[in-house]
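K.L.:
need a structure here:
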Amino acid sequence: MNTLVIALTGFVALADKTPADADIKAGWGAFAIFIGMAIAVGLLGWSLIRHLRTAKLNAEAGAFGTDEPESSAPQS
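P.N.:
Predicted coordinates for the structure are as follows:
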């Protein structure tokens, strides 16, 4: 089994040549994806702020009830 692993590792090393440094570049496609992701994060943050503001206003208006649990025992 170890011989097979060693042989396959050697075969992959022969078939998979590392490109030269001059051949590696990110390009405009990767830049566009990066900008798109930055815009998506900005929109998600904007939406989060709006939802948190709405939740705070609803909490102040009493839409969620009280924070204290109601006791079932009668008070005397």
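
K.L.:
the helices in the chain, which residues?
P.N.:
2-15, 27-61 (DSSP state H).

K.L.:
so which of those is nearest residue 68?
P.N.:
Proximity to residue 68, assessed across the helices of the chain by Cβ to Cβ, is greatest for helix 27-61 (14.2 Å). All C-beta atoms are positioned from the backbone trio N, CA, C, and that covers glycine.

K.L.:
any idea of the mean pLDDT for that closest one?
P.N.:
In this model, helix 27-61 has a mean pLDDT of 96.

K.L.:
mind putting the helices of the chain in TSV, mean neighbour count included?
P.N.:
Below are the helices of the chain laid out as TSV (neighbours: other Cβ atoms under 10 Å):
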stretch	mean neighbour count
helix 2-15	9
helix 27-61	10
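
K.L.:
residue 21: which of the ones you listed is closest?
P.N.:
Comparing those by their distance to residue 21 (Cβ to Cβ), the top pick is helix 27-61, with 15.3 Å.

K.L.:
check the offset of the closest one from the chain's centre.
P.N.:
A distance of 12 Å separates the centroid of the chain from that of helix 27-61, by Cα atoms, centre = their mean, to the nearest Å.

K.L.:
show me what that helix packs onto, helices and strands only.
P.N.:
Of the remaining helices and strands, none touches helix 27-61 by 3 or more Cβ pairs under 8 Å, 6 or more residues apart in numbering; DSSP states H and E.

K.L.:
returning to that earlier point: with distance to residue 68 added, can I get the helices of the chain in TSV?
P.N.:
As requested, the helices of the chain are arranged in TSV below (distance: least, Cβ to Cβ, whole Å):
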stretch	distance to residue 68
helix 2-15	65
helix 27-61	14
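
K.L.:
residue contacts, the spatially most central residue of the chain?
P.N.:
Centroid-nearest residue in the chain, with Cα atoms, centre = their mean: residue 41, separated by 9.2 Å. By Cβ atoms under 8 Å, 6 or more residues apart in numbering, the contact list for residue 41 is empty.

K.L.:
now it: how far from residue 34?
P.N.:
Distance, residue 41 to residue 34, using Cβ to Cβ, to the nearest Å: 11 Å.
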